[in-house]
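Visitor: Structure for this input, please:
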Amino acid sequence: MAAEPTRLEAMTPSAIREVHDLGVALQQEHPSREWIALHFGEGDLGTPEFVVEAGVRALRAGAVYYENNGGRADLTATLAEHFNDRLGLSLTPGHFVVTCGGVQAICLTMLGLLAPGDDVINITPAWPNF
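Guide: Residues are numbered from 1 along each chain as shown. Here you go, the predicted model:
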């Protein structure tokens, strides 16, 4: 009897990556055309200069080590202050978890809320991670 495929073996190529590869090929084929890549959900504006400068300042200040799993203490405190001031709430830094992006946030939320065997309705098309 053949073994069941592992989760990794059962994964199919991401359609988003296929669109990316097609876009790269078309861009190489037609270098004089302007292209806006939207397949990853990224715009074409680049990173704002003030964000780049803030990153450089943070790196120069030594912000190169692991932080609290829920996010930097100064960031979660600032988030709490921001929402409290603007929305009249009483949030604390412990109400926030800072993630690397939306996919990680959704993954952590689902891991926290779902149990093995739970049913999940997922609309498509969707990111392959889901």
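Visitor: The residue nearest to the spatial centre of the chain: what's it in contact with?
Guide: Nearest residue to the geometric centre of the chain (Cα atoms, centre = their mean): Gly101, 2.4 Å. By Cβ atoms under 8 Å, 6 or more residues apart in numbering, no residues touch Gly101. The way it works is simple: take the backbone N, C-alpha and C, and place the C-beta from them, glycine included.
Visitor: what about Ala25, helix or strand, and which?
Guide: helix 15-29 (DSSP states H and E).
Visitor: Also Gly55?
Guide: With DSSP H and E as the test, Gly55 turns up in helix 49-60.
Visitor: the helices in the protein, which residues?
Guide: For the chain, the helices defined by DSSP state H cover 7-10, 15-29, 49-60, 73-87, 102-113.
Visitor: how far away is Leu113 from Cys107?
Guide: Going from Leu113 to Cys107 by Cβ to Cβ, to the nearest Å gives 11 Å.
Visitor: sorry, back to before: which positions within the helix holding Ala25 qualify as buried?
Guide: Gly23 (16 or more other Cβ atoms under 10 Å).
Visitor: Also stretch 88-99?
Guide: Quick answer for stretch 88-99 (16+ other Cβ under 10 Å): 93, 96.
Visitor: Could you give the separation of it from the chain centroid?
Guide: 19 Å (Cα atoms, centre = their mean, to the nearest Å).
Visitor: contacting residues around Val120?
Guide: 110, 114.
Visitor: what about this protein, any weak spots by pLDDT?
Guide: 1-2, 127-130 (pLDDT under 70).
Visitor: that older thread, got the CA positions of the helix holding Ala25 in PDB?
Guide: Provided in PDB are the C-alpha atoms of helix 15-29 (Å, rounded to 0.1, in the frame of the first residue of the first chain):
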ATOM      1  CA  ALA A  15      -1.200  30.500  -9.100                       C
ATOM      2  CA  ILE A  16       0.100  33.800  -7.800                       C
ATOM      3  CA  ARG A  17       3.700  32.700  -8.300                       C
ATOM      4  CA  GLU A  18       2.800  31.500 -11.800                       C
ATOM      5  CA  VAL A  19       1.400  34.900 -12.600                       C
ATOM      6  CA  HIS A  20       4.600  36.500 -11.200                       C
ATOM      7  CA  ASP A  21       6.800  34.200 -13.400                       C
ATOM      8  CA  LEU A  22       4.700  35.200 -16.400                       C
ATOM      9  CA  GLY A  23       5.000  38.900 -15.600                       C
ATOM     10  CA  VAL A  24       8.800  38.600 -15.300                       C
ATOM     11  CA  ALA A  25       9.000  36.800 -18.600                       C
ATOM     12  CA  LEU A  26       6.800  39.400 -20.300                       C
ATOM     13  CA  GLN A  27       8.800  42.300 -18.800                       C
ATOM     14  CA  GLN A  28      12.000  40.700 -20.100                       C
ATOM     15  CA  GLU A  29      10.300  40.200 -23.500                       C
END
